[in-house]
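A.B. asks: Provide a 3D model corresponding to the input given below.
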Amino acid sequence: MPSRNHLDKIGRRKKKKWTEEAMERALVEVKSGRCTVRQAAKDFGVPKSSLGDRVSGRVTPGSRSGPAQLITAADEELLVEFSLYMSKHGFPLTKQQLVSFASSIYKRQHRRVAFSKLGQTWWLNFRKRQEKNISIQPADSVVRGRTVCVRKEAVDHFFHLLNNVMDTHGLRDKPHHIFNCNETGFQLGRKRVNLPKSASLGYKAAPGSRDHISILACFSATGNDIPPYIIYSKAYPGGVCYKTQGPPNALYGWSDSGCINSDLFKKWFLKHFLVHVGKERPLLLIFDGHKSPVNLEVVEAARNEDVILLCLPSHCSHILQPLDTGLFVLLKQRFAALIGDGCATDTHFAVSKKEFSGVFKETYQVAKEEEGVQIVREGFRKCGIYPLNHFAISDGNLMPSHNMGPVAGPTLSTAAQVLHTVGDLTGAEPTS
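C.D. replies: You can find the predicted model right below:
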């Protein structure tokens, strides 16, 4: 992989001293038979070899010199516009994310290629070509992890974005157009047994006996739901009973971790959310940007379908995520009550992987009852999302800006830097 110094040396090489107009005029003279390649190159001040290549057809007139660009200029402009859209919706891209999205474009153009050629060289050249459109800034120096106090600037910025989105798209009085999707986890284990004290102090699960299952839930500010997305770890349970016994119209998937990832989120958004959400537009979908499940296909589909994606600030979901503020607690309490496990903790439950969907079907009914609907609505109100109310977040949960200092430790590397577009830094609105 070439270093930055190597690329800088390439950039300092002697630039061509001839213009395309001079080359075109020389080409016309040669093709008309009025002069030879040597004479035309001398008269118009262009390289003889370059003119000869164009005369012979080895090089197309007007083409750029050097190797072909890995993604086209039009797609590169789309990538910059995409970066602007993400920055304006609370999700500025990191270098790795932008290269990943560029790789997705490259693979769509080269479907037979097993891997992407985009790497450090492409990234540095892209930055050079787009230096007027993008800017690299270090990521905010905040203490990672969910803390009692969160940054006031992050919350203020989120409500600024939310206010602009609601005013621009006329959503202030349309709670049925405002959705929040969020993931919660259930850690499953073997059922507990009571043993004599002389034999054992209690049941201890064997290593690897636990399965993690995630639920991606989505509700509107009116309390209406999109059927849940149940994500198993490592593989589906045996047989098909998990589908027949689960909640009506639920979607199922699996990942190694049992948590949402970009591929699963794309499947949910394209084949589930857009199918069940109806045809009313525009829609606002608010979700946690911490795990960054969004990919290029999701954003393109959202823009085509007039769905505004808005990311919550990282590590602020416990005060800004409506479903975190009440509904998920209610679901886990109902789940524990149904399996008769009064000792169940917040995330550990004594039920098998095969039994989960059937128990969760009964659990999920609470979300459709009056109690569950009211809790969902109250969650949107507590978070200040609907009705829109910045002052719903207590100042006691916010850390003032003057208390924020840089985190002790090494300087952030390029890999941790965040990509912003110049349009984002100047407050420009994204193009539709």
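A.B. asks: contacts and neighbour counts: CA atoms only from here.
C.D. replies: Will do.
A.B. asks: what stretches of the protein score poorly on pLDDT?
C.D. replies: 1-16, 62-68, 90-91, 110-116, 137-151, 189-210, 289-292, 341-349, 395-432 (pLDDT under 70).
A.B. asks: how about the strands in it?
C.D. replies: Using DSSP state E, the strands of the chain run over residues 93-94, 134-138, 150-151, 178-188, 211-220, 225-233, 251-255, 283-288, 307-312, 348-349, 398-399, 417-421.
A.B. asks: now the residue most central in space within the chain: how far from residue 93?
C.D. replies: Central residue of the chain (C-alpha atoms, centre = their mean): residue 294, 2.5 Å from the mean position. From residue 294 across to residue 93, the span is 11 Å (C-alpha to C-alpha, to the nearest Å).
A.B. asks: on that earlier part again, quick one: which of the strands of the chain is nearest residue 30?
C.D. replies: strand 134-138 (43.0 Å; C-alpha to C-alpha).
A.B. asks: Pop the domain breakdown of this structure in here.
C.D. replies: The chain breaks down into these structural domains: 20-66, 72-139+412-432, 150-411 (assignment by automatic domain parsing).
A.B. asks: For residue 87, grab the count of nearby residues.
C.D. replies: Using other C-alpha atoms under 10 Å, residue 87 has 21 neighbouring residues.
A.B. asks: looking at it, it is touching residue 93, isn't it?
C.D. replies: Yes: at 7.1 Å, residue 87 counts as touching residue 93 under the criterion of C-alpha atoms under 8 Å.
A.B. asks: check contacts around residue 382.
C.D. replies: By C-alpha atoms under 8 Å, 6 or more residues apart in numbering, the contact list for residue 382 reads 322, 325, 392-393.
A.B. asks: filter those residues to the buried ones?
C.D. replies: Among the contacts of residue 382, those classed as buried by 16 or more other C-alpha atoms under 10 Å are 322, 325.
A.B. asks: how about the contacts of residue 382 in CSV, adding distance to residue 287?
C.D. replies: Shown next, in CSV, are the contacts of residue 382 (distance: C-alpha to C-alpha, whole Å):
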residue, distance to residue 287
322, 10
325, 14
392, 19
393, 18
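A.B. asks: hang on, the earlier thing: as CSV, the strands of the chain with distance to residue 73 and mean neighbour count would be great.
C.D. replies: Shown next, in CSV, are these (distance: least, C-alpha to C-alpha, whole Å; neighbours: other C-alpha atoms under 10 Å):
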stretch, distance to residue 73, mean neighbour count
strand 93-94, 20, 22
strand 134-138, 15, 16
strand 150-151, 39, 22
strand 178-188, 35, 20
strand 211-220, 37, 22
strand 225-233, 38, 23
strand 251-255, 35, 19
strand 283-288, 31, 22
strand 307-312, 26, 22
strand 348-349, 51, 21
strand 398-399, 44, 17
strand 417-421, 17, 22
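A.B. asks: Could you dump these into JSON lines with distance to residue 262 added?
C.D. replies: Formatted as JSON lines, these follow (distance: least, C-alpha to C-alpha, whole Å):
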{"stretch": "strand 93-94", "distance to residue 262": "15"}
{"stretch": "strand 134-138", "distance to residue 262": "24"}
{"stretch": "strand 150-151", "distance to residue 262": "26"}
{"stretch": "strand 178-188", "distance to residue 262": "13"}
{"stretch": "strand 211-220", "distance to residue 262": "13"}
{"stretch": "strand 225-233", "distance to residue 262": "13"}
{"stretch": "strand 251-255", "distance to residue 262": "11"}
{"stretch": "strand 283-288", "distance to residue 262": "13"}
{"stretch": "strand 307-312", "distance to residue 262": "15"}
{"stretch": "strand 348-349", "distance to residue 262": "26"}
{"stretch": "strand 398-399", "distance to residue 262": "30"}
{"stretch": "strand 417-421", "distance to residue 262": "19"}
